[in-house]
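J.: Please find the sequence and the predicted model below.
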Amino acid sequence: MAHKAGRGIMEPPKGRLKVIMLCAALPLVAVSAFLFIYNFPKKIDLEYPALEYRVGKPESGEVTTIKVKGTIYKPLFRDPSFHGQFIINKYDYTKNYQLRDIDFYQDLLFYHQNENGTSVHKPLGYLMISDNFAQMNIYVNENMNDNQLIGKDLRISAPAKNYEEAMRINAELKAN
């Protein structure tokens, strides 16, 4: 008897093939959704020496301390963010006011508090940070005429104990 090619292997019915494909795709969809939604939180508790200074004026340097305590959220497909405390010893309100969540890489350090039914806002300055707060640079807002705030040449860099370290951090963060 003649043997027809391809008849020796049984092919699954088309409906069964769809079920197999669906069962194979469901775990992939579930894992993808999990990775998109989950924030991968990481607790952080750091204290750094920092230097507040004016760019171009090494003699202006004043040593302070920055404490960072809270949680970094690192979703896979979105920018990381931080929720917690960012305390700079020189600025008392950073100890008592609430910090708005920080969007990683470039954001404003913005503190707020209700005082006698009135909302009080204190924007400290523009923040540049590297991953996990390894380095940070703050362009500090200063009061100008008419209570206008502007970040000009007053900076805080950490971890830094002297002007040279602060300027190195400033340059590295600007380059990224």
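T.: Structure received.
J.: how near is N114 to V120?
T.: Distance of N114 to V120, computed by C-beta to C-beta, to the nearest Å: 7 Å. (Glycine included, C-beta is placed from N, CA and C.)
J.: for D107, same thing?
T.: 20 Å.
J.: got the CA positions of the lengthiest helix in the chain in CSV?
T.: The single longest helix within the chain, with elements called by DSSP state H, is helix 14-37. Below are the C-alpha coordinates for helix 14-37, written out as CSV (Å, rounded to 0.1, in the frame of the first residue of the first chain):
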residue,chain,number,x,y,z
LYS,A,14,-7.3,23.9,15.3
GLY,A,15,-9.5,24.6,18.4
ARG,A,16,-7.0,22.8,20.6
LEU,A,17,-4.1,24.7,19.2
LYS,A,18,-5.8,28.0,20.1
VAL,A,19,-6.2,26.7,23.7
ILE,A,20,-2.5,25.8,23.9
MET,A,21,-1.5,29.2,22.5
LEU,A,22,-3.8,31.0,25.0
CYS,A,23,-2.4,29.0,27.9
ALA,A,24,1.1,29.8,26.9
ALA,A,25,0.4,33.5,26.5
LEU,A,26,-1.5,34.0,29.8
PRO,A,27,1.6,33.6,32.0
LEU,A,28,3.6,36.0,29.7
VAL,A,29,0.8,38.6,30.0
ALA,A,30,0.6,38.2,33.8
VAL,A,31,4.4,38.6,34.3
SER,A,32,4.4,41.6,32.0
ALA,A,33,1.5,43.3,33.9
PHE,A,34,3.2,42.5,37.2
LEU,A,35,6.5,44.1,36.1
PHE,A,36,4.7,47.2,34.8
ILE,A,37,2.7,47.7,38.0
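J.: Run through the neighbouring helices and strands of the helix or strand following that helix.
T.: For helix 14-37, the succeeding helix or strand toward the C-terminus, using DSSP states H and E, is strand 41-54. Other helices and strands packing on strand 41-54, by 3 or more C-beta pairs under 8 Å, 6 or more residues apart in numbering; DSSP states H and E, are strand 57-73, strand 81-88, strand 149-158, helix 163-175.
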